[in-house]
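> fold the stuff below for me.
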Amino acid sequence: MDIDYMDAYKDFTTDPINFPIDQVAAFVDDLHSNGQHFVPIVDPGIMVDSSYPPYTAGVDLDLYIKDLSG
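As a prediction, this is how the structure comes out:
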């Protein structure tokens, strides 16, 4: 599944309108019952948003790649 499943393209989220978690879980369960796999894409770019925990945690832990100026 491509990044369309994300809520506002934020990693580790699902769009609650177009991809309700209960329906996605049922879909994945159905795939697994048929011996199929479910592979979501996780975008390597974390959205810069001070209210987005993956972003703020990365800033707090100094995890992000920097250019020559820091």
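
> the spatially most central residue of the chain and Ile41, how far apart?
Residue closest to the average C-alpha location in the chain (CA atoms, centre = their mean): Asp11, at 2.4 Å. Distance of Asp11 to Ile41, computed by CB to CB, to the nearest Å: 10 Å. Where C-beta positions appear, they are placed from N, C-alpha and C, glycine not excepted.

> kindly report the same for Ser33.
23 Å.

> again with Asp30
For Asp30, the distance to Ile41 - CB to CB - is 20 Å.

> for Ile21, same thing?
Counting by CB to CB, the gap from Ile21 to Ile41 is 17 Å.

> what do you get for Pro54?
Pro54 sits 16 Å away from Ile41, going by CB to CB.

> of the two, who's got more company?
Pro54 (15 against 12; other CB atoms under 10 Å).

> assign that one to helix, strand or coil.
Three-state assignment for Pro54 (DSSP: H, G, I helix; E, B strand; the rest coil): helix.

> contacting residues around it?
Lys10, Asp11, Phe12, Ile46 (CB atoms under 8 Å, 6 or more residues apart in numbering).

> okay, now the last one: neighbour count?
As a burial measure, the neighbour count of Ile46 was computed by other CB under 10 Å and equals 18.

> pull out the buried positions in stretch 45-56.
By 16 or more other CB atoms under 10 Å, the buried positions in stretch 45-56 come out as Ile46, Tyr52, Tyr55.

> point out the least confident one among the residues you listed.
pLDDT is lowest at Ile46 among the buried residues of stretch 45-56; the value there is 91.

> tell me how far that residue lies from Ala8.
12 Å.

> what's the answer for Met1, then?
Remark: distance between Met1 and Ala8 (CB to CB) = 16 Å.

> who's more crowded, those two?
More neighbours sit around Met1 than around the other of Met1 and Ala8, counting by other CB under 10 Å; the figures are 14 against 9.

> any idea how far Pro54 is from the more buried one?
19 Å.

> what do you get for Asp43?
11 Å.

> try Asp30
29 Å.

> what does Pro40 give?
If you go by CB to CB, the gap between Pro40 and Pro54 works out to 15 Å.
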